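Participant: got a predicted structure plus its sequence, pasted below:
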Amino acid sequence: MAQVPQVEGRSQQYPRKQSALVVLTALGVVYGDIGTSPLYGLKQAVDAAGEPAPEAVMGVVSLIFWALILIVGLKYAILILRADNHGEGGIVALLALLDARHAPPGSPRASLLIVGLIGAALLYGDGVITPAISVLSAVEGLKVEAPTLAPVIVPITIAILVGLFLVQRKGTEFVGNIFGPVMLVWFAAIAVLGVRGVLQSPAILAAISPHHAVLYLSHAGPGIAFAVLGAAFLTLTGAEAMYADMGHFGRLPIQLGWFSIVSPALMLNYLGQGGLLLAQPHAAENPFYLLVPRWAHYPMIAFATVATVIASQAIISGAYSLTQQAMQLGFLPRMRVLHTASHEKGQIYIPVVNWLLAVGTLAAVLLFGSSDALGGAYGIAVAILMVVTTVLAALVALKCGYNPFLVIAVNGFFLVIELIFVAANMTKLREGGWFPLLLAGVIAFVMLTWRSGWRLLEQERAKLRQGEDEFIEWVVNTPPIRLPGAAAIFTAATTGIPLCLTHHLRHNRVLHERVLFIASVSVDEPRVEATNRVKLVPVGAGITRVLFYFGFMETPDVLEALKQACRLPELQGIDPDNITYYFRRVMVIASDKASGMAVWRKSLFATMHLNANLPAAYFKVPAAQVVEVGLEVEI
């Protein structure tokens, strides 16, 4: 974390005025989740403590206060944001820094890949629970003033969430522009409410001292202490977004947003809720909404609902981005990716991910029915993810050559705290913690199956591919009919002759005058400079291998890259608009070959491969210029 060298990324390139605007924008994307935690976080922690006695309230508020300082402020905002990959953060960036993707099977680095994939899968579990608990907790404010409305809370929540997932296809560019200002007003509002609560009972300010948390947890007994720790952890959910979204906003704007706006507002609100509970213990029913003056109660419910929708939107958009990165790095099959803003590359929509998230989120609302019940399901995935991030960041620091004792001391301190939170959340396993873990387990298994199956498929295809020298000799000795123009053959390999070309030439005995072997290569960097995008390798007999390099944060626009490549002297005379594109359509056959993967997993991979987005559609090649060659490969 702190030991990773700083990279001159975008975080250090913002002028002062632009930086302020980026900070405002980041409020709606980075801090939506953690910013709406006051709706349910302290309430659940006080409920876990039992009676809202003064010592319990002081202990819980002190625990939350210092958890925010240590985990969010010190670990993430100051230290972990330094572990960046050319300005990008998140689990995928850490895996790329550790070069775990290219580790041979069975090696220690391959184990890191498994750990990282589990961490990525946990983000999907978080993405299902966050919209459910956030929107549900906002709508539950109706019960405070009108208990008779309790039966309609779940239907209202379902309607809001269905609407949220339905509008994803239209893009979120317009509403995205107002996310920041809305969240700025939200943080100002919860800060004012916090001040109102502190004024009711100024004694709550003593909770700033950490000894209240230590004394309470040490005297509460293991059962209650762990329950309180598990519930208090809900106030930290969303901290991972600071690291995951660093590439979009930069390190400095995220740090400024936290220390100048978000952290003060959250701490004031939690202190205010604690002050209210000291003055009115019965307010434990819903301390957030009972801080609100009665005249502003319903407007605040509407405002909170808007804020939770913004938080949910940020999580959903993050799932799209994570999926795109996973596809680029070969952890998931190709899926249809739609760009919802022509001038903004980050605005994407992935239909499969959207509707799977929708099903999971709506199932969570229907299954648990209240924010209190969902609190049992929430937190455990995020706690494990924090542990994974700490471990991977420590390994990155060690790889960079920093003092091992310093690395172990710094990262070990946070690891101990986070393991305590994991243990505390494990006590909620039967209450609902199994739900996000089950989702994460399924997703991680799918990722590992796809990666292992793809490796087996490539091994089998490599055995069938002709060597370049052998192929050129064949073409020279038994020359086929040469067709005018050029052909582009997409291939997954960077060496050897594509199987579809061998298959085509053997049966049709024709070959274009110019042939391009096109391969899209994903690298362990977020983005590739335009000057390093293309590499040309002459093969012979009018054949050239064209390698396009893309970063894991980029959408591979192969056609645009090909147009640029055709301007190079080596490819002069080739018109990219008149190229015939050859693709292979591989039918994977699962067999009982000894390969380290069970037949049923091979069948699962074959099914995913069959239903993956076809290469021609994924690379957006005009259908009129496409020729597909069918192949069967047994794994």
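Facilitator: Looks like it arrived, so ask away.

Participant: over to the residue nearest the centre of the chain. Which of the three states is it?
Facilitator: The residue lying closest to the centre of the chain (C-alpha atoms, centre = their mean) is Leu322, at 4.0 Å. Judged by DSSP: H, G, I helix; E, B strand; the rest coil, the three-state class of Leu322 is helix.

Participant: break this protein down into its domains, please.
Facilitator: Taking automatic domain parsing as the reference, the chain has its domains at 23-453, 466-634.

Participant: show me where the chain dips below the pLDDT cut-off.
Facilitator: For the chain, applying pLDDT under 70 flags the ranges 1-19, 100-107, 171-177, 341-347.

Participant: could you point out the longest strand of it?
Facilitator: Taking DSSP state E as the criterion, the chain has its longest strand at strand 510-523.

Participant: how far does that one sit from its chain's centre?
Facilitator: Computed by C-alpha atoms, centre = their mean, to the nearest Å, the chain-centroid distance of strand 510-523 equals 33 Å.

Participant: give the buried residues for the helix or strand just after that strand.
Facilitator: Later in the chain than strand 510-523, the nearest helix or strand by DSSP states H and E is strand 534-540. The neighbour-count check on strand 534-540 (16 or more other C-beta atoms under 10 Å) flags Val534, Val539 as buried. C-beta coordinates here come from the backbone N, C-alpha and C atoms, glycine included.

Participant: so how far is the helix or strand containing Asn269 off the chain centroid?
Facilitator: For Asn269, the host element (DSSP H and E) is helix 263-279. With C-alpha atoms, centre = their mean as the basis, helix 263-279 stands 31 Å off its chain's centre.

Participant: hang on, the residue nearest to the centre of the chain packs against Leu123?
Facilitator: Yes. With contact defined as C-beta atoms under 8 Å, Leu322 counts as touching Leu123 (5.9 Å).

Participant: which residues does Thr36 contact?
Facilitator: Ser134, Ser137, Ala138, Trp186, Ala304, Ala307, Thr308, Ala311 (C-beta atoms under 8 Å, 6 or more residues apart in numbering).

Participant: make CSV from those and add distance to Leu547, secondary structure and neighbour count to it.
Facilitator: Compiled in CSV, those are given as follows (distance: C-beta to C-beta, whole Å; DSSP: H, G, I helix; E, B strand; the rest coil; neighbours: other C-beta atoms under 10 Å):
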residue, distance to Leu547, secondary structure, neighbour count
Ser134, 44, helix, 33
Ser137, 50, helix, 29
Ala138, 50, helix, 30
Trp186, 48, helix, 24
Ala304, 51, helix, 26
Ala307, 46, helix, 26
Thr308, 46, helix, 28
Ala311, 41, helix, 30
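
Participant: pull the most distant pair out of those.
Facilitator: Spatial extent of the contacts of Thr36 (C-beta to C-beta) is set by the pair Ser137 and Trp186 at 14.1 Å.

Participant: what sits in contact with each of Leu322 and Leu123?
Facilitator: Here Leu322 and Leu123 share the contacting residues Ala244, scored by C-beta under 8 Å, 6+ apart.

Participant: end to end, how far does stretch 277-293 reach?
Facilitator: End-to-end distance of stretch 277-293 (C-alpha to C-alpha, to the nearest Å): 15 Å.

Participant: what sits against the nearest residue to Glu431 once chain neighbours are set aside?
Facilitator: Using C-beta to C-beta, 6 or more residues apart in numbering and skipping the chain neighbours, the partner closest in space to Glu431 is Gly376 (3.1 Å). Contacts here follow C-beta under 8 Å, 6+ apart; on that basis Gly376 touches Phe368, Lys428, Glu431, Gly432, Gly433.

Participant: nearest to Pro202, of those?
Facilitator: Lowest distance from Pro202 to these (C-beta to C-beta) belongs to Lys428, with 33.9 Å.

Participant: which parts of the stretch 101-250 of the chain are helices?
Facilitator: Ranges of helices within the stretch 101-250 of the chain are 108-139, 142-145, 153-166, 173-200, 211-220, 222-232, 240-244, 246-249, based on DSSP state H, counting those that start in this stretch.

Participant: by contact count, what packs against the fourth one?
Facilitator: Contacts of helix 173-200 with other secondary structure elements, assessed using 3 or more C-beta pairs under 8 Å, 6 or more residues apart in numbering; DSSP states H and E, are made with helix 16-29, helix 32-35, helix 263-279, helix 297-328.

Participant: Ala590 reaches Thr607, doesn't it?
Facilitator: No. Between Ala590 and Thr607 there is no contact under C-beta under 8 Å: 9.2 Å.

Participant: ok, the two, which is more surrounded?
Facilitator: Ala590 (20 against 13; other C-beta atoms under 10 Å).

Participant: now for the closest residue to that one other than its chain neighbours: which residues touch it?
Facilitator: Of all residues not flanking Ala590 in the chain, Lys602 sits nearest, at 3.6 Å (C-beta to C-beta, 6+ apart). Counting by C-beta under 8 Å, 6+ apart, Lys602 touches Gly453, Leu456, Val588, Ala590, Ser591, Ser595, Ile635.
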